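Undergrad: attaching a predicted model along with its sequence, questions to come.
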Amino acid sequence: MNAEIERQIEIIKRNTVEIIEEEELREKIKKSIQTNTPLKVKYGIDPTAPEIHLGHTVPIKKLRDFQILGHRILFLIGDFTARIGDPTGRKETRPILSVEEINRNLARYKEQVGKILDLEKTEFVYNSHWLSKLSLEELIKLTSIFTIAQILEREDFTMRYQSRKPIYLHEFLHPLLQGYDSYVLEADIEIGATEQKFNLLAGRTIQEALGQSKQVVITMPILVGTDGKLKMSKSYNNHIPIETTPEDMFGKIMSIPDDIMEDYFSILTDISPDIYKKKIRENPRDAKSLLAREIVKEYFGESKAEEVEKFIKGELEKVDEHKAGGLAKLAYQKLKAEGFERLELPKTHAEQIEECLEISFVWAAWVLMKIKGLDFPVEKEVLKERLKGVTLKGKPIEEILEQLEYPIKSPADLLKKMKEVLK
């Protein structure tokens, strides 16, 4: 039995930041084996946004580890707490969502989670089922477990308090209600990002205060975005959504700085550190291509990942260069000659911006890659959807597309018109 306990501990510990407390986790696994009862593993989300990016997948992939080990996954949908708005990591109050917005977001969220978890073995639970019935007496009893000083110890609240930004009373309730969820579900383990540590520990506090065995808290690392600096977030425009095209995902992974490659390999793939560290040392470009292929393979399949990699490396046989002409043709040639490692989004350095007249080869190649497969002529809305998140010479692509004349007849016509706008 000890060997099985250690096997599970080894799998569970991979990529975690902290386990509170590890010895408690061993005891819970031991009891689970002795009684043949799977552990209840809780992970909660507020469906405040419909799009999952690679950063969100980090704790969800840990849930998959538990699922493979045979434990129960309680995927908690904070449909009630979403109406409050989780203040974690925020410098200002989150907007409160309507029931309709929550339901729309949730439908898309489930679909994306299904790319990682076995949905048939995942129990989706909704905290509105018990929180909406919580009496005032019960709520007051809950608040008596914590002090205002404890709540204000949170970094996000401290920053807002010191900068004189308002903190509303309803925001104080969020960690208490999240902790109460753990009590209702009798959770053995709760998983979350490091920035959620206060809320996760609140669950332990409430369970103990109400006479229940404390959950083990497992915190997961926060993935840095494609800029290599800030955490991955749609708000920072440095995210890689999983509900996108394989070309877009591959391209964005290839655009990350070399110095965060090891983190991406470790957190997002199952490749051995010995293998990826050696590849990074010997040939960073090939290492990054391997990273992109592995991640794309997980969400789109191996054959699609290989197809995209060949296209990116300029090995796609059917490239209609005769239709592209001018700048587009030069961009295709650049892709073939140099491979995708040169297809990083240019910074603001003048020599990169002026690489090819008003728009660089790199940008032209990037745009062509993003519009691959479109049937021309195309209208503005189609291009906005394909090119969202792209910035040219400091201008958001939406602003550039607004100034073009439609319809766009061909890829070459698109680049020509964009070049005119960027003069």
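TA: Sure thing, it's come through. Numbers count the residues shown, from 1 in each chain.
Undergrad: so what are the sheet partners of the helix or strand encompassing Glu123 and their directions?
TA: Taking DSSP states H and E as the criterion, the element that holds Glu123 is strand 122-126. Strand partners for strand 122-126, identified by DSSP bridges, are recorded as strand 72-77 (parallel).
Undergrad: from the chain's centroid, how far away is the partner strand?
TA: Taking CA atoms, centre = their mean, to the nearest Å, one finds the center of strand 72-77 at 18 Å from the center of the full chain.
Undergrad: I'd like the average pLDDT over that strand.
TA: Across strand 72-77, pLDDT averages out at 94.
Undergrad: what's the following helix or strand after it?
TA: For strand 72-77, the succeeding helix or strand toward the C-terminus, using DSSP H and E, is helix 99-113.
Undergrad: extract the C-alpha trace of that following helix and format it as CSV.
TA: These are the backbone C-alpha positions of helix 99-113, laid out as CSV (Å, rounded to 0.1, in the frame of the first residue of the first chain):
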residue,chain,number,x,y,z
VAL,A,99,-27.9,35.0,-14.9
GLU,A,100,-28.2,35.1,-18.7
GLU,A,101,-24.5,36.1,-19.1
ILE,A,102,-23.4,33.3,-16.7
ASN,A,103,-25.4,30.7,-18.6
ARG,A,104,-23.9,31.7,-21.9
ASN,A,105,-20.4,31.6,-20.6
LEU,A,106,-21.0,28.3,-18.9
ALA,A,107,-22.1,26.5,-22.0
ARG,A,108,-18.9,27.4,-23.8
TYR,A,109,-16.8,26.7,-20.8
LYS,A,110,-18.0,23.1,-20.4
GLU,A,111,-17.3,22.4,-24.1
GLN,A,112,-13.7,23.6,-23.7
VAL,A,113,-13.2,21.7,-20.4
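Undergrad: before we move on, back to that, what are the buried residues along the strand holding Glu123?
TA: Within strand 122-126, the residues that count as buried by 16 or more other CB atoms under 10 Å are 122, 126. For the C-beta atoms, the positions are set from N, CA and C on the backbone; glycine is no exception.
Undergrad: okay, domains of the chain per the record?
TA: Residue ranges of the domains in the chain are recorded as 2-220, 223-312, 318-423, according to automatic domain parsing.
Undergrad: can you tell me which of the ones you listed the model trusts least?
TA: Taking the mean pLDDT of each of the domains of the chain, the lowest value is held by domain 318-423, a mean of 63.
Undergrad: ok, the closest residue to Thr122 other than its chain neighbours - contacts?
TA: Of all residues beyond its chain neighbours, the one nearest Thr122 is Ile73 (4.9 Å), with distances taken as CB to CB, 6 or more residues apart in numbering. Under the criterion of CB atoms under 8 Å, 6 or more residues apart in numbering, the neighbours of Ile73 are 41, 43, 63, 66-67, 117, 121-123.
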